[in-house]
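Asker: I'll drop the sequence and a predicted model, then ask my questions.
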Amino acid sequence: MEKDAQKSKLTSLDIPALTGGRSGIGLSPAPSRVSVLGRWMAHKLLDLLGDPPLTFVLWNGEKIPSVDKPSIARVHFRDSEVLQKLLVNPALHFGDLYSAGRIEVEGNLVDFLVTVYRAAAASPKFQKLKQAQTRLFNRPRPNELTDSRDNIHHHYDIGNDFYELWLDREAMQYTCAYFPTPDLSLEEAQRAKMDHICRKLRLKPGDRVVEAGCGWGGFAHHMAKHYGVEVRSYNISRQQILYARERAEAAGLEGKVDYVEDDYRNITGEFDVFVSVGMLEHVGREHYQELGDIIHRCLTPTGRGLIHSIGRNKPEPMNAWIEKRIFPGSYPPTLREIMEIFEAHEFSVLDVENLRLHYAKTLEHWLERFNRHAEKIEKSYDRAFVRAWRLYLAGSIAGFTAGTLQLFQVVFTRGDNNDLPWSRAHLYRET
């Protein structure tokens with residue numbers, strides 16, 4: 001990808017401090033006086049979070065520690081406006097200000113974020129403020145047909161070469177891996193994830209599979225090559241579809257895998273298996289019953305399906321900064337909300353597995369590889385872009401570690417289908 005095209009993606013993040021506003025990256029501003037109001041705002045922010053073990057360092061070097069607790073990190077604020085913005089809308093502005101270098105974290109970034117997430121979740125004051133800010137400021141983008149294409153383009157069409165730097169080298173899986181043992185490599189764990197799903201679906205040669213949201217095509221490729229099934233995969237990211245088609249042609253899988261550049265709402269035909277890995281987060285809750293209608297329309301009487309999705313334990317929007325800057329239109333559902341897909345057509349849920357800690361480990365691999373290539377990414381994009389994506393990956397590790405995010409795999413079939421496994425032994429049988 002040309003560098004000018006990559007730079008245009010940075011502008012599309014739409015962060016004022018990155019597109020002409022003040023930036024603290026690489027700067028050492030002259031110390032200025034801290035007012036009484038400035039100190040009050042710093043203390044107020046700690047109070048809202050329930051006084052977690054953090055130390056705030058103000059722009060003149062003055063330190064404001066939490067009460068009687070050893071600090072796990074120091075948070076440096078470069079100017080007084082930072083505190084004002086954090087008090088007005090912390091969920092959005094922390095990410096913007098960190099990306100722009102106006103906030104710096106001294107210490108382990110993931111540990112800091114885990115501490116903040118847990119403190120915020122346990123603080124009634126912060127939760128009340130967050131609810132008000134969500135109503136006033138942090139409304140998610142819609143997911144109608146045209147909106148969905150724009151939302152997906154914003155995140156996935158940054159450039160295949162960017163994602164190749166830090167995803168697994170075999171299947172380009174941008175979803176949670178599966179670690180039967182924690183010492184697996186990322187490539188091994190992503191293969192294990194794909195096999196784990198195939199076993200849950202009990203794939204057999206000749207099955208017709210429809211995949212809603214295929215990413216770079218690695219899972220469809222794996223199913224066709226190793227399980228002898230025919231796959232039709234839908235995706236609205238043009239860059240991903242072109243990449244997937246090239247790989248399928250090179251592997252001689254013509255006629256076995258069909259990558260369709262289209263929205264999942266336009267799925268047609270009849271299939272033995274429906275599978276969606278990492279797409280439900282982009283559907284929008286208002287479209288869950290519509291997704292259920294599509295599954296009902298395309299699945300055979302004995303068909304089976306699996307949905308793999310980031311989720312939550314209670315209804316809550318996606319982090320405002322991630323939804324606005326990184327993943328527009330995203331929403332992580334609860335299990336109860338996921339049931340809205342199944343209930344209208346009386347689908348039966350057969351199995352639910354939560355792989356939350358597997359996703360934390362997956363993200364640790366991604367962040368390590370991302371950091372290894374940070375200098376190259378900065379040359380292609382911008383230092384602020386690197387900081388934004390580092391925060392996104394570290395924040396995601398923190399979310400799954402702190403338990404504010406979950407990873408659900410839900411297996412289902414039609415309610416009157418009795419062709420069911422008697423146990424879960426087939427999931428763990430050696431092959």
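Answerer: All right, it came through fine. Residues are numbered from 1 along each chain as shown.
Asker: CA atoms only: put the helix or strand containing residue 232 into PDB for me.
Answerer: Residue 232 belongs to strand 230-235 when assigned by DSSP states H and E. Extracted C-alpha coordinates of strand 230-235, given in PDB (Å, rounded to 0.1, in the frame of the first residue of the first chain):
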ATOM      1  CA  GLU A 230     -17.600 -26.800   0.500                       C
ATOM      2  CA  VAL A 231     -17.600 -23.200   1.900                       C
ATOM      3  CA  ARG A 232     -19.300 -20.000   0.800                       C
ATOM      4  CA  SER A 233     -17.900 -17.100   2.800                       C
ATOM      5  CA  TYR A 234     -19.400 -13.600   2.900                       C
ATOM      6  CA  ASN A 235     -17.500 -10.400   3.700                       C
END
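Asker: partners of that strand, with directions?
Answerer: Looking at strand 230-235 with DSSP bridges, its partner strands are strand 208-212 (parallel), strand 257-261 (parallel).
Asker: can you list contacts of the first one?
Answerer: So that's strand 208-212. For strand 208-212, contacts defined as CB atoms under 8 Å, 6 or more residues apart in numbering pick out 203, 219-220, 223, 229-234, 264, 267, 269-277, 279, 291, 294, 298. Backbone N, C-alpha and C define where each C-beta goes, glycine included.
Asker: Let's test this: mean pLDDT of it, rounded?
Answerer: Throughout strand 208-212, pLDDT has a mean value of 98.
Asker: How about the last one?
Answerer: The predicted model gives strand 257-261 an average pLDDT of 97.
Asker: tell me the strands in the stretch 251-400 of the chain, going along the chain?
Answerer: 257-261, 271-277, 299-311, 347-354 (DSSP state E, counting those that start in this stretch).
Asker: still on that earlier bit, mark which of the contacts of strand 208-212 are buried, thanks.
Answerer: Listed as buried from the contacts of strand 208-212 are 203, 219-220, 223, 229-234, 264, 267, 271-277, 279, 291, 294, 298; burial here means 16 or more other CB atoms under 10 Å.
Asker: before we move on, back to that, now render the strands paired with strand 230-235 as CSV, adding distance to residue 283 and mean neighbour count.
Answerer: Listed next are those as CSV, based on distance: least, CB to CB, whole Å; neighbours: other CB atoms under 10 Å:
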stretch, distance to residue 283, mean neighbour count
strand 208-212, 9, 24
strand 257-261, 17, 20
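Asker: Let me have the ones you listed in JSON lines, extended by distance to residue 190.
Answerer: Shown next, in JSON lines, are the strands paired with strand 230-235 (distance: least, CB to CB, whole Å):
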{"stretch": "strand 208-212", "distance to residue 190": "16"}
{"stretch": "strand 257-261", "distance to residue 190": "18"}
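Asker: residues touching residue 109, list them.
Answerer: 390, 391, 394.
Asker: okay, the second one: pLDDT?
Answerer: We have a pLDDT of 97 for residue 391.
Asker: Next: residue 320.
Answerer: pLDDT, residue 320: 89.
Asker: Quick check: it touching residue 94?
Answerer: No. In this structure residue 320 lies outside contact range of residue 94 using CB atoms under 8 Å: 9.5 Å.
Asker: Go through the helices and strands of the chain and name the one with the lowest mean pLDDT.
Answerer: Every helix and strand of the chain was ranked by mean pLDDT, DSSP states H and E. The lowest is helix 3-12, at a mean of 45.
Asker: Next secondary structure after that helix?
Answerer: Heading C-terminal from helix 3-12 (DSSP H and E), you reach helix 36-48.
Asker: For the helix or strand following that next one, enumerate the helices and strands it packs against.
Answerer: Using DSSP H and E, the helix or strand that follows helix 36-48 in sequence is strand 54-57. In terms of contacts (3 or more CB pairs under 8 Å, 6 or more residues apart in numbering; DSSP states H and E), strand 54-57 is packed against helix 36-48, strand 63-65, strand 73-77, helix 109-122.
Asker: now with 6 Å?
Answerer: strand 63-65, strand 73-77 (3 or more CB pairs under 6 Å, 6 or more residues apart in numbering; DSSP states H and E).
Asker: Contact partners for residue 85?
Answerer: With contact taken as CB atoms under 6 Å, 6 or more residues apart in numbering, residue 85 is in contact with residue 93.
Asker: That one sits in which helix or strand?
Answerer: Secondary-structure assignment from DSSP H and E places residue 85 in helix 80-88.
Asker: ok, and for that helix, which residues are buried?
Answerer: By 16+ other CB under 10 Å, the buried positions in helix 80-88 come out as 80, 82, 83, 85, 86.
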